[in-house]
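Student: need the 3D shape of this:
(4 chains)
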2 protein chains.
Amino acid sequence: MIDNNNKSKISVMLVDDHPMVQGGLTACLAFYDDIEIVGATDDGAEALSKAKELKPDVIIMDVSMPKMNGIDATEIISEQLPETRVLIFSMHDRPEFVRSAIDAGASGYVLKDTSSEEVYFAIKAVAKGNTHFSSSISKMLIENPMQADNERLTTREQVILSHVASGLSSKEVARKLDISFRTVDAHRRNIKTKLKVETLAELVRYAVNHGLIEKNK
Amino acid sequence: MIDNNNKSKISVMLVDDHPMVQGGLTACLAFYDDIEIVGATDDGAEALSKAKELKPDVIIMDVSMPKMNGIDATEIISEQLPETRVLIFSMHDRPEFVRSAIDAGASGYVLKDTSSEEVYFAIKAVAKGNTHFSSSISKMLIENPMQADNERLTTREQVILSHVASGLSSKEVARKLDISFRTVDAHRRNIKTKLKVETLAELVRYAVNHGLIEKNK
DNA sequence: TATTACCTACGTATTAATACCTAGTATAGA
DNA sequence: TCTATACTAGGTATTAATACGTAGGTAATA
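Tutor: Numbers count the residues shown, from 1 in each chain, chains lettered A, B, ... in the order given. Next up is the predicted model:
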């Protein structure tokens, strides 16, 4: 960005695959004369190239998008355009989505039921280098502290869990991974200890809710 | 509605709890001079009273809303305002959402990634008394025929399944429901036969995906 | 009256899961 | 070099799940 060029207005790029949401954001932000919509796209991959071209102050980014999701896009933008701030604008209020976004470098996270005014204030805050989270998001982050390192599942454990949650017995998982069924059992026990659960049903629910297994499969 | 009064314009009411979606719909439909937005609300319960007052030709209805969901609202509107058409406008593309909506009396179902033009055409179609479904919705309905009566779970079976899926053993479910664990086992076997699954993991996933158990619980 | 479906419950036999304990190898980090 | 972690794997014992078959009582429907 050229020094002092268009400095009084915050340039904003929209990245959302729902036409009505894009339209709604455009319409609502049009009321504020210190905000300028400089571009819009409906997928994360194109967002990257457009962001490099436009160098907006703020990007409003959805999470779920067809080609590249907003979290991955955010991570790359944070690396390649450190002066551009990303404000996540999403349906998803679960801790793992929010944490992924923060880890990827997002400066804020607001839910899609947020009022126009709050979206505007959030844009202003992140443009200044601050952060902004919906109050329910902040509350939820406080109530669900980050899992300790020793409570995270290793890669192998995730693989074991996804198979078990899909319905395979320990023997079937063992055969599939070419390991002993005792090894599978040992992993299951470790996984249960880490996740503080006791039953297979709880393991399955964790896997479904954390995207370790495809829905409707 | 008074005969011939304002007949050339289709009156439309918006029911969606996302301000940007409401804003986007309003903005996009403003381009069409044969459509008039006569009201908007963000919850299904208020939608009922406003609909009786305004008697719109078409209601654009979200599904997930805080106080009353769009399906329940649709059902009541279909009964009490038979000349008002409901067009569902939703994130959810799973068969059970779509079927619930149709059963409730909705005249159409479009997904939130639908273009402005298609939303406009859908409104026109349902205002005329036709139906309109996103092409992916139509395709999915064809591929997932309604379950036969003998494949639906009875009330008791759903209760058994929700307990089992929450992690209780057959003995624990038996104790909780004051029945024999043999009875629980018999139900489990019947449920598996009906759902065409073989393992507890598959039962749990069904329960999670069909809302028989709370997410993140 | 006969049939069907739902809910209930039992016995027998086999397999799977689980708990507990123990332990070797490889790799990374202090 | 030592320690910790991850991944691996074994034995023993107990409990749970599962399969198969059987069957009674109640209510609804033809």
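Student: give the contact list for residue A:76.
Tutor: Remark: with contacts taken as C-beta atoms under 8 Å, 6 or more residues apart in numbering or on different chains, residue A:76 is in contact with residue A:48. (C-beta placed from N, C-alpha, C; glycine too.)
Student: equivalent analysis for residue A:48, please.
Tutor: A:68, A:73, A:76-77, A:80.
Student: same thing with residue A:112?
Tutor: So residue A:112 contacts A:21, A:89-91, B:18, B:20-21 (C-beta under 8 Å, 6+ apart).
Student: need these in a markdown table with pLDDT, can you?
Tutor: Below are the contacts of residue A:112 laid out as a markdown table (pLDDT from 0 to 100):
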| residue | pLDDT |
| --- | --- |
| A:21 | 92 |
| A:89 | 94 |
| A:90 | 91 |
| A:91 | 86 |
| B:18 | 90 |
| B:20 | 91 |
| B:21 | 92 |
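Student: got a winner among those residues for most neighbours?
Tutor: Within the contacts of residue A:112, most neighbours by other C-beta atoms under 10 Å in any protein chain shown means residue B:20, with 28 neighbours.
Student: coming back round to it: tabulate the contacts of residue A:112 (a markdown table), appending secondary structure and distance to residue B:102.
Tutor: Listed next are those as a markdown table, based on DSSP: H, G, I helix; E, B strand; the rest coil; distance: C-beta to C-beta, whole Å:
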| residue | secondary structure | distance to residue B:102 |
| --- | --- | --- |
| A:21 | helix | 25 |
| A:89 | strand | 31 |
| A:90 | strand | 29 |
| A:91 | coil | 23 |
| B:18 | coil | 23 |
| B:20 | helix | 27 |
| B:21 | helix | 22 |
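Student: out of these, which one sits closest to residue A:124?
Tutor: Nearest to residue A:124 among these is residue A:89, at 14.7 Å by C-beta to C-beta.
Student: now the strands for chain A?
Tutor: Secondary structure of chain A, counting by DSSP state E: strands at A:10-15, A:35-41, A:58-61, A:85-90, A:108-111, A:132-133.
Student: verify the stated contact: residue A:167 with residue B:202.
Tutor: Yes - look at residue A:167 against residue B:202 with C-beta atoms under 8 Å: they come within range, at 4.8 Å.
Student: which parts of the top helix by length along chain A are buried?
Tutor: Longest helix in chain A by number of residues (criterion: DSSP state H): helix A:181-195. For helix A:181-195, burial by neighbour count (16 or more other C-beta atoms under 10 Å in any protein chain shown) applies to A:184, A:187-188, A:191-192, A:194-195.
Student: just stretch A:61-70 next, same as before
Tutor: Here stretch A:61-70 shows A:61-65, A:68-70 as buried, counting by 16+ other C-beta under 10 Å.
Student: again, but for stretch A:31-51
Tutor: Result for stretch A:31-51 [16+ other C-beta under 10 Å]: buried residues A:32, A:35-48, A:50-51.
Student: that one: end-to-end distance?
Tutor: 23 Å (C-alpha to C-alpha, to the nearest Å).
Student: distance between that stretch and the chain's centre?
Tutor: Remark: stretch A:31-51 is offset 18 Å from the chain centroid, using C-alpha atoms, centre = their mean, to the nearest Å.
Student: and the nearest residue to residue A:33 once chain neighbours are set aside, what pLDDT?
Tutor: Once flanking residues are discounted, residue A:33 sits nearest to residue A:9: 7.7 Å by C-beta to C-beta, 6 or more residues apart in numbering or on different chains. As predicted, residue A:9 sits at a pLDDT of 90.
Student: DNA strand C versus residue A:71, what's the distance?
Tutor: Computed as C-beta to the nearest atom of the strand, to the nearest Å, the residue A:71 to DNA strand C distance reads 25 Å.
Student: swap in residue A:27?
Tutor: From residue A:27 to DNA strand C the distance is 51 Å (C-beta to the nearest atom of the strand).
Student: cool, residue A:132 as well?
Tutor: For residue A:132, the distance to DNA strand C - C-beta to the nearest atom of the strand - is 35 Å.
Student: residue A:187 against residue A:156, yeah?
Tutor: Yes - with contact defined as C-beta under 8 Å, residue A:187 reaches residue A:156; the gap is 6.9 Å.
Student: what parts of chain A come near DNA strand D?
Tutor: A:150, A:154-157, A:177, A:179-180, A:182-183, A:186-187 (C-beta under 7 Å from any atom of the strand).
Student: mind putting the residues you listed into JSON lines with pLDDT?
Tutor: Below are the residues of chain A next to DNA strand D laid out as JSON lines (pLDDT from 0 to 100):
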{"residue": "A:150", "pLDDT": "67"}
{"residue": "A:154", "pLDDT": "89"}
{"residue": "A:155", "pLDDT": "88"}
{"residue": "A:156", "pLDDT": "92"}
{"residue": "A:157", "pLDDT": "93"}
{"residue": "A:177", "pLDDT": "92"}
{"residue": "A:179", "pLDDT": "93"}
{"residue": "A:180", "pLDDT": "92"}
{"residue": "A:182", "pLDDT": "92"}
{"residue": "A:183", "pLDDT": "94"}
{"residue": "A:186", "pLDDT": "94"}
{"residue": "A:187", "pLDDT": "95"}
